[in-house]
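Colleague: here's my sequence, what's the structure:
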Amino acid sequence: MTLLQVVLILLVLSILPLLWVAGRARFKYRGTRVVTCPETDSPAAVRVDLARIMASSSIGEPDLRLAACSRWPEQKQCGQTCLAQVEEAPAECVVRTMLVEWYRAAWCELCGKAIGEIHWLEHKPALLTPDRKTVEWEDISPEQIGQVMDTHQRVCWRCHLSNSMRERFPGFQGERAPTSTS
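Modeller: The predicted model follows:
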């Protein structure tokens, strides 16, 4: 083994722990989060600056800063005091975590069957609006999630698909879910 190979191996081995710490920080703080804006006391969708958090975590304490906020660009110069909520409960304010918890042990409002485990890449559960139309989560902005959870019902993918087809194609005779008596 040459001296250059030994030096390269030692360099790689010395960088691995830094990459591990940076990767863990990225995993912990990735994703859109919903926080309560301290200035307006209303929900705001935020994303943490992952590049900054990864760099700062690998050399010491993580330095949280926002990369995006639903209140920007108007309030871009705010004090970012909402980050205390992210530090306090990093997983609980992630949109996906909020939705998983909301659907946990839930039943479809239309067919009455258990929704079960959520598959985010296929057959995602949907929502039933107060006027009995189904919508997907992609149609809801993150800062509206709390309000939507209060006013909409949970619906399984199958019922959402049937409902959507009937709305788009009035003659469609697909499976009609029984109306719930709740």
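
Colleague: against R96, how distant is L128?
Modeller: 20 Å (Cβ to Cβ, to the nearest Å). To be clear about C-beta, it is placed using only N, CA and C from the backbone, and glycine gets the same treatment.

Colleague: then Y103?
Modeller: Counting by Cβ to Cβ, the gap from Y103 to R96 is 11 Å.

Colleague: what's the answer for C108, then?
Modeller: From C108 to R96 the distance is 20 Å (Cβ to Cβ).

Colleague: who touches P125 in this structure?
Modeller: Shown in contact with P125 (Cβ atoms under 8 Å, 6 or more residues apart in numbering): Y103, A106, C108, I115, I118, R154, V155, C156, W157, H160.

Colleague: apply 7 Å and report the result again.
Modeller: By Cβ atoms under 7 Å, 6 or more residues apart in numbering, the residues touching P125 are Y103, I115, I118, R154, V155, C156, W157.

Colleague: how near is the third one to L3?
Modeller: To tie it back to what came earlier, the one meant is I118. 54 Å.

Colleague: more neighbours, the two?
Modeller: I118 (16 against 7; other Cβ atoms under 10 Å).

Colleague: now do the contacts for the more buried one.
Modeller: So I118 contacts V100, Y103, K124, P125 (Cβ under 7 Å, 6+ apart).

Colleague: correct me if wrong: the third one contacts W157.
Modeller: Yes. With contact defined as Cβ atoms under 7 Å, K124 counts as touching W157 (6.2 Å).

Colleague: what is the top helix by length along the chain packed up against?
Modeller: If each helix of the chain is counted by residues according to DSSP state H, the longest one is helix 3-29. With contacts defined as 3 or more Cβ pairs under 7 Å, 6 or more residues apart in numbering; DSSP states H and E, helix 3-29 has these neighbours: helix 50-59.
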